[in-house]
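In: sequence-free structure coming up:
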């Protein structure tokens, strides 16, 4: 495990034994991030992906974040996202609605990468989440995949820029 980047140690954590619904640090300029599958990172423990994402956010002028996921089941490896549970999905959507209500002016960073292709149900999860975000500015890291997906932050330079992202039917 890693130490949280200075200034980014979470003060928001909603997690149970099998799901992490949200993880974040309140700031004056908070970015809502939507990944695919939560890792074991929590309020006290960081991982390489979250550490890199916090550096990227800081380098782009953000001092806070809320990490949400398409599907909140804790799975360090996206291949472990085998089964879809409608109850977990509905609970995730309710928690996302609450975050969107609390952070009314925050932009949204899509950062799930090509994992969207691994499980068909992840597209439904994304569609349901995006339907809640219709009035928001959608962003991604400036390294859109060859398939047009917003990239995952794990192997990106912490100097990468955050750019506007236009959602099209072929890059959802």
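Out: Happy to help now that I have it. Because the structure is a prediction, the values reported are computed rather than measured. Residues are numbered from 1 along each chain as shown.

In: please identify the buried residues of stretch 97-105?
Out: By neighbour count on 16 or more other C-beta atoms under 10 Å, the buried set for stretch 97-105 is 99, 100, 103. Where you see a C-beta, it was placed from the backbone N, CA and C, and this is true even at glycine.

In: from those residues, which single one is nearest residue 113?
Out: Closest approach between those and residue 113, by C-beta to C-beta: residue 99, at 21.2 Å.

In: is it true that the closest one lies in a helix?
Out: Yes. Going by DSSP: H, G, I helix; E, B strand; the rest coil, the assignment for residue 99 places it inside a helix.

In: which of the three states applies to the nearest residue to it once chain neighbours are set aside?
Out: The spatially closest residue to residue 99, leaving aside those adjacent along the chain, is residue 66, at 5.4 Å (C-beta to C-beta, 6 or more residues apart in numbering). The assignment at residue 66 comes out as strand when based on three-state DSSP.

In: which of the three states applies to the closest residue to residue 70 other than its chain neighbours?
Out: Nearest non-adjacent residue to residue 70, counting by C-beta to C-beta, 6+ apart: residue 125, 4.3 Å away. Secondary structure, three-state DSSP: residue 125 is helix.
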